[in-house]
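*Asks:* Here's a sequence, model it:
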Amino acid sequence: MNKEKYYAFFDVDGTILKSVSMIEFLKFYFQKKYKMFGKIKYYNYVINAFFVKKLFSRSMLNKFYYRHYKNEKRDYLFSIAQKWFDQSIKNNEQAFLSRVVSILKWHQKNGGEIVFVSGSFYACLEPLAKMLSVYFILCTEMISQGNFYTGKIKYPMIGEAKASAILNFLKEKNTDAKNCYAYGDHISDVFMLECVGNPHVIEGDAALMRWAKLKKAVVLF
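*Replies:* Numbering: from 1, shown residues only. Alright, predicted model coming up:
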């Protein structure tokens, strides 16, 4: 193991968590906010999201998702996110990819700093970060006016944006990317994986598996 300072960058959904936290949280949020109409709101989102994904890009789908928090209070969203995590994730061992969590903890014990890199947003990721003693989060930034979200984001933390965020982070930390690690589960994580010296792939996505074979990246599971 290289003894120089290094960081290990982890995608979250499908890498640390089995589910897509953004979607699971949205369902919980709708149920809390709209009570008996929550399920209807959620299924309406699912139907519309299907067509957005079919007709447009993954980036557009990401933007469509965040529109559902327009005019929401920042404090309220954070409190709901904590409740969602406590009820659905915190004590649910089945919610995690246990081997990946073990690798994350191994890095921590061996001097590595963990960084979450996710298309999800801070309120949704913060409880998980606290649980796993992760102090750095690179994620989609929601735009707010005062204490209210506008429903817009600065840019989707997807694809090349992940790599740019990582490289900017490492520049600020004066750390060589060649000494760092990255873990991802989807073909959109390729840019993130390619920008560090030690890419690791979570088995599953066919396109990413082809890339891993071509690049001789480490495949987990």
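*Asks:* What pairs with the longest strand seen in the chain, parallel or antiparallel?
*Replies:* Assignment by DSSP state E gives strand 112-121 as the longest strand of the chain. Strand pairing for strand 112-121, using DSSP bridges, gives strand 6-10 (parallel), strand 136-140 (parallel).
*Asks:* Please name whichever of the ones you listed is nearest to residue 61.
*Replies:* Proximity to residue 61 (CB to CB) singles out strand 136-140 among the strands paired with strand 112-121, at 12.2 Å. C-beta: built from backbone N, CA, C; applies to glycine.
*Asks:* what is the rounded mean pLDDT of stretch 64-79?
*Replies:* The pLDDT scores in stretch 64-79 average 96.
*Asks:* Which parts of the protein are helices?
*Replies:* 21-34, 38-55, 58-66, 74-88, 98-109, 122-131, 160-173, 190-194, 206-215 (DSSP state H).
*Asks:* For the first one, which helices and strands make contact with it?
*Replies:* Contacting helix 21-34 under the criterion 3 or more CB pairs under 8 Å, 6 or more residues apart in numbering; DSSP states H and E are the following elements: helix 38-55, helix 74-88, strand 112-121, helix 122-131.
*Asks:* do the same with the second one
*Replies:* When contacts are defined as 3+ CB pairs under 8 Å, 6+ apart, helix 38-55 packs onto helix 21-34, helix 58-66.
*Asks:* what's the first one in contact with?
*Replies:* Judged by CB atoms under 8 Å, 6 or more residues apart in numbering, the contacts made with helix 21-34 from elsewhere in the structure are 12-13, 38-42, 45, 65, 68, 77, 80-81, 83-84, 87-89, 119-121, 124-125, 128.
*Asks:* quick one: low-confidence ranges for this protein?
*Replies:* Along the chain, the parts satisfying pLDDT under 70 run over 1-3.
*Asks:* again, only this time at 90
*Replies:* For the chain, the stretches flagged by pLDDT under 90 are 1-5, 53-59, 204-205, 213-221.
*Asks:* Compute the first-to-last residue distance for stretch 187-200.
*Replies:* End-to-end distance for stretch 187-200: 12 Å, by CA to CA, to the nearest Å.
*Asks:* For PyMOL, write the select line for the buried members of the contacts of helix 21-34.
*Replies:* Applying 16 or more other CB atoms under 10 Å to the contacts of helix 21-34, the buried members can be selected in PyMOL as follows:
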select buried, resi 12+13+38+41+42+45+65+68+77+80+81+84+88+89+119+120+121+124+125+128
